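*Asks:* coordinates only, sequence not included:
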């Protein structure tokens, strides 16, 4: 057997990434694996190191970090065709949740690099006027993306309070989006509303199942569009999102497609916790583009 490359983001999960990486390396070495270690200190550094690691021809790549760590290197990883083992160390870890991967036991997670079953999964692609970004979980367009954008721009307070302050600010500033949506080869349709979520997996934000039922290996995207809502009705919708019962609401539309184009004045799009576009976004699926080491082989093994 050849070597295993371990790529970590020490800064992920508010510093948890370093501890998780140390534990993962200790387990692999106890198991007698030949390990080469790469630790990125920024997104650009991580992309550079991913290319270096893959050029060395490893049998597998272990990625220690959050969803954003892996999504930031997807182009080079998919091109290399090397199976990836995900060791969650982020704040959301929604890909691990979707694939039923260990999220609390580091040794169990990294053991999959040695004894796991390879599973081909889909990845999402966001194309805008300024470029292309890839994602693993959910692309958020509209109100929830504005909350993420506001959270990133706030310098105070810290932790969850910053998110809640951003949510409050955006609720006060709530304005409907004049969405136009085109699904696959259908007509462009005016769809004024609050938000659009395009899911390769069911959840974002650490388990909020906005695209309930989405599977990361079915070759399609789940598109959830929330219509016009006032502040009070939007606040009432959030508990339904947490329970995954929002799709029954009359304000919510759910379709599946391979491609969707969403446009609106002032539109901001986020995916895997990162800003990926604005104004007009075309989102499509790359079926079976990434191989992940998992505990199971069944297509229906994701956690809903």
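*Replies:* That came through fine. For clarity, every value in this text was computed on a predicted model and none was experimentally measured.

*Asks:* Now do stretch 238-248, average pLDDT.
*Replies:* Averaging pLDDT along stretch 238-248 gives 76.

*Asks:* quick one: terminal-to-terminal distance for that stretch?
*Replies:* With C-alpha to C-alpha, to the nearest Å as the measure, stretch 238-248 spans 14 Å from end to end.

*Asks:* Identify each buried residue in that stretch, please.
*Replies:* For stretch 238-248, a neighbour-count test (16 or more other C-beta atoms under 10 Å) marks 241, 244, 246, 247 as buried. For every residue, glycine as well, the C-beta is placed using N, CA and C.

*Asks:* Just name the closest of those residues to residue 274, please.
*Replies:* Distance ranking of the buried residues of stretch 238-248 against residue 274, using C-beta to C-beta, places residue 241 first at 20.8 Å.

*Asks:* Now do the same contact list for residue 182.
*Replies:* When contacts are counted by C-beta atoms under 8 Å, 6 or more residues apart in numbering, residue 182 touches 188, 189, 260, 261.

*Asks:* Please repeat the previous calculation with a cut-off of 7 Å.
*Replies:* Residues in contact with residue 182, defined by C-beta atoms under 7 Å, 6 or more residues apart in numbering, are 188, 260, 261.

*Asks:* and these, which are buried?
*Replies:* 260, 261.

*Asks:* and which of the contacts of residue 182 is nearest to residue 288?
*Replies:* Closest approach to residue 288 among those (C-beta to C-beta): residue 260, at 19.5 Å.

*Asks:* Where do the strands of the stretch 1-150 of the chain begin and end?
*Replies:* For the stretch 1-150 of the chain, the strands defined by DSSP state E, counting those that start in this stretch occupy 4-8, 35-39, 60-65, 84-88, 117-128, 131-135, 138-142.

*Asks:* Comparing those strands by mean pLDDT, which bottoms out?
*Replies:* strand 138-142 (a mean of 91).

*Asks:* That strand versus strand 131-135: what angle between them?
*Replies:* Put simply, strand 138-142 runs at 120 degrees to strand 131-135, going by axes from the mean of the first three to the mean of the last three C-alpha atoms, to 10 degrees.

*Asks:* just the angle between strand 138-142 and strand 117-128, please?
*Replies:* Counting by the same axes, to 10 degrees, strand 138-142 lies at 20 degrees to strand 117-128.

*Asks:* Just the residues contacting strand 138-142, thanks.
*Replies:* 124, 126, 148, 177, 194-199, 201, 204, 210-211, 262, 267, 269-271, 276, 281, 283.

*Asks:* Looking at those residues, which are in strands?
*Replies:* If you go by DSSP state E, the contacts of strand 138-142 have 124, 126, 195-199, 262, 267, 269-271, 276, 281, 283 in strands.

*Asks:* Next one: the spatially most distant residue from the centre of the chain from residue 4, what distance?
*Replies:* Relative to the C-alpha centroid of the chain, counting by C-alpha atoms, centre = their mean, residue 32 is the outermost residue, at 32.1 Å. Residue 32 is 11 Å from residue 4, where distance means C-beta to C-beta, to the nearest Å.

*Asks:* Spell out which residues are contacts of both of the two.
*Replies:* Common contacts of residue 32 and residue 4 (C-beta under 7 Å, 6+ apart): none found.

*Asks:* Going by neighbour count, which residues of stretch 49-67 are buried?
*Replies:* For stretch 49-67, a neighbour-count test (16+ other C-beta under 10 Å) marks 49-50, 53-54, 58, 60-67 as buried.

*Asks:* swap that for stretch 218-236, sorry
*Replies:* 218, 220, 221, 222, 223, 224, 225, 226, 227, 229, 234.

*Asks:* measure the first one to residue 102 for me?
*Replies:* Same thing as residue 218. The value you get for residue 218 to residue 102, if C-beta to C-beta is used, is 23 Å.

*Asks:* what's the answer for the second one, then?
*Replies:* With the distance defined as C-beta to C-beta, residue 220 ends up 27 Å from residue 102.

*Asks:* Run through the stretch 151-300 of the chain and note the low-pLDDT ranges.
*Replies:* Filtered on pLDDT under 70, the stretch 151-300 of the chain yields the residue ranges 158-160, 242, 296-300.

*Asks:* what about the strands in it?
*Replies:* 180-183, 189-190, 195-199, 221-226, 252-257, 259-271, 274-294.

*Asks:* Listing partners with orientation, what would you give for the shortest one?
*Replies:* Its sheet considered, strand 189-190 pairs with strand 180-183 (antiparallel) by DSSP bridges.

*Asks:* what distance separates the strand it pairs with from the centre of its chain?
*Replies:* Strand 180-183 sits 22 Å away from the centroid of its parent chain (C-alpha atoms, centre = their mean, to the nearest Å).
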